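# What follows is a predicted structure for the sequence shown.
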Amino acid sequence: MKRVYMDANATTPLLPEVMEAMRPYWMERFGNASSIHQDGQLAHAAVDHARATMAEFFNCHDAEVVFNSGGTEGDNTAIFGLLHPGDHFITTSIEHSAILEAAKRMAEHGVETTFVAPQPSGLIDPTDILRAVRPETRLISVMLANNETGVVQPVEQIGKIAADTGIFFHIDAVQGAGKVRFDVRRFGCHLLSISAHKMHGPKGIGAMFVRRGTPVESLLVGGSHERRRRAGTENVPGIVGFAKAAELAMHSLEDGVIDRLAQLRDRLEAGVLQIPGTGVNGAQTPGAPGPDFRTWESTNPKEPGIWESTNPILRVANTTNIWFDNLEGEALVIALDLKGVAVSGGSACHSGATEPSHVLMAMGLDKTRARASLRFSLLKTATEADVDYVLHVVPEAVEHLRAISPVAAGTAG
Ligand code: PLP
C-alpha cells in the first residue's frame, strides 16, 4: 500500500546527503574533538566547519553557536539558565511542553510566569506581551512557529519590546527551522533554539544561538566543551549531519522548494475544505479585524512560503490544521493510518488519558472541535501524487466515520 507521511512537525527523515555527510564520523573519523592527536583534530575541524555553517544559518558569529541535544534542551536552558528566584517570566499558553513544563518547575523556585493567550487565530499579539511586563521580568520566550497550527508569531515586534524594556528574549524556533529564513539580529533575540530532526537532520542533536554576553548558565557541567556553555563530548556525527541539513535548508528557502511546498499545502487544504463541516485552525476568522502588526508583511513581503495570499495570518509552508465536525479526530487518524496516511490529531495522551490540544483550547476551540482537528504537516520532499492520494482517502474516511460516529449521533459522553 502507498504510504504518505504528513507528520513532518513530529519528525522528518534524514536526507541522503545528510546520511552521507555523517557516515565517516561514526567509524574512520571517530575521534574525540577534544583530543590533541590527529584523530581528535579531524573531529575538531569537522565541528568547527559545522559551527560556521550554523552561524550562517542563524546569521551570527561562530562563537554564538552552542550545540546541544535538541529543542527540549535549548528551551530548558533558556529558562533554567537565566531565571532566578524572584524573577518574572513571560511566555505564551501555546508553547511546546518543553517551555511550559520548565516554567511550572520554576514556579517551585520562586519564579512567577505569565502565560499570554493567543488570539482566536493562533497569533500572539505583541501588545499583550508588553502589557505583561513588570519591573522584575527577566525573560520572554515566544515560539517562532507553532507546532500544531504553523502560525508564525511576530517575533520581531516582540524582540523590539524586549530591547526597549531591557528583558532577555528567547525564541523556540524548532518549527520555523528550514521553513522561515533566520536572522537572529532581525529577530532581536538573545537566545534561540532549534532541533535537527525537524529539518531532515538526525535526532538527538540541536543548537542554540546565544548572543555574546548573555549570562545563561549551563545546564550540564563537567568538561569545558562549547566554551563552557554545554559540557559533554561533542556528538560529532550528529553535529556534521545537522550542519548538512542546515545547508540544504538554506538552499530550499532560496531555490523555490519552500514556495512549492506552500502551494502543495494550499492545494491539500483547499481540497480538504471541500468536505462540508470543516475549517482551518490558525486562520483569520471571517469578518474579524486583521492584525495590525504584520511585521513580516511590511518588512519581508517576499518571505518564502509563509505569506498567505487569502489570509492575513502567516503560517509556515508545510502545515495545515483542520477541524472536522461530527467525528472523533483520533478515529480519523487511525482510519487514515490504515489507508497509509500518517497525520496527527488535536489531542495528546497524558498519563493514559486523551486530552484535547492545549494550543487549540487556548485559541478558544471547544473540546469536541479540538479533538476533531487534524494536523497535516508535509515533508519538503512531498509530491503532487502524495497530495492527490490524501485528497482521495480523506473524504472517504470522513464520510464513513461520520456515518458511524457517536459524536455525529450526539451520543458521545
Ligand atoms: N519546541 C517545539 C515547538 C517543538 O515542536 C518540539 C518538538 O516537537 C520541541 C520544542 C522539542 O524538540 P526536541 O524533540 O528536539 O526535544
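Received the coordinates, thanks. Numbers count the residues shown, from 1 in each chain.
# Spatially, what comes nearest to T354 if we skip its sequence neighbours?
S347 (4.8 Å; Cβ to Cβ, 6 or more residues apart in numbering). For every residue, glycine as well, the C-beta is placed using N, CA and C.
# pLDDT value on that neighbour, please?
Model confidence at S347, given as pLDDT, is 70.
# these two touch, right, it and A370?
Yes. Counting by Cβ atoms under 8 Å, S347 touches A370, with 7.1 Å between them.
# More neighbours: which of the two?
A370 (25 against 21; other Cβ atoms under 10 Å).
# got the contact list for the more buried one?
Counting by Cβ atoms under 8 Å, 6 or more residues apart in numbering, A370 touches W323, G346, S347, P356, S357, L360, M361.
# what's whichever strand or helix holds the last one packed up against?
Translated: M361. Per DSSP states H and E: M361 is located in helix 358-362. With contacts taken as 3 or more Cβ pairs under 8 Å, 6 or more residues apart in numbering; DSSP states H and E, helix 358-362 sits against helix 367-371.
# Only the buried residues of the helix it packs on, if you could.
Buried positions in helix 367-371, judged by neighbour count with 16 or more other Cβ atoms under 10 Å: T368, R369, A370, R371.
# Please apply the same query to stretch 114-126.
For stretch 114-126, the neighbour count (16+ other Cβ under 10 Å) marks T114, F115, V116, P118, Q119, P120, S121, G122, L123, I124, D125, P126 as buried.
# same deal with stretch 170-188?
170-182, 184, 187-188.
# among these, which are in reach of the ligand?
Counting by Cβ under 6 Å from any ligand atom, D172, V174, Q175 from the buried residues of stretch 170-188 sit close to the ligand.
# Could you list which of these belong to strands?
Judged by DSSP state E, those include D172 as members of strands.
# Now the ones next to the ligand among the buried residues of stretch 170-188 in TSV, please, with extra columns for pLDDT.
Below are those laid out as TSV (pLDDT from 0 to 100):
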residue	pLDDT
D172	98
V174	98
Q175	97
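# Would you mind measuring from T113 to the ligand?
Using Cβ to the nearest ligand atom, to the nearest Å, T113 is found at 17 Å from the ligand.
# Over to G81?
Going from G81 to the ligand by Cβ to the nearest ligand atom gives 16 Å.
# who's in contact with that residue?
Contact partners of G81, counting by Cβ under 8 Å, 6+ apart, are V216, E217, S218, L219.
# Filter these down to the buried ones, ChimeraX style.
Written as a ChimeraX command, the selection of buried residues from these, which uses 16+ other Cβ under 10 Å, is:
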select :216,218,219
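# contacts for the host helix or strand of A403?
Element membership for A403 (DSSP H and E) is helix 384-404. Contacts with helix 384-404, where a contact means Cβ under 8 Å, 6+ apart, come from 2, 4, 6, 264, 267-268, 271-272, 274-275, 324, 326-328, 331-332, 335-336, 339-341, 376, 378, 408.
# Around the ligand, which positions in the stretch 201-350 of the chain sit nearby?
Residues of the stretch 201-350 of the chain lying near the ligand (Cβ under 6 Å from any ligand atom): G206.
# who does the helix or strand hosting E20 touch, helix- and strand-wise?
Per DSSP H and E, E20 falls inside helix 16-22. Under the contact criterion of 3+ Cβ pairs under 8 Å, 6+ apart, helix 16-22 touches helix 236-254.
# Show me what the mean pLDDT comes to for the helix it packs on.
Mean predicted confidence for helix 236-254 is 97.
# quick one: contacts of the following helix or strand past that helix?
From helix 236-254 onward toward the C-terminus, using DSSP H and E, the following helix or strand is helix 257-272. The contact list for helix 257-272, computed with Cβ under 8 Å, 6+ apart, reads 178-179, 251-252, 278, 280, 304-306, 317-320, 322, 376, 378, 380, 382-384, 386-387, 390-391, 394.
# Drop anything exposed from these.
Looking at the contacts of helix 257-272 with 16+ other Cβ under 10 Å, the buried ones turn out to be 178-179, 252, 278, 280, 304-306, 317-320, 322, 376, 378, 380, 382, 386-387, 390-391, 394.
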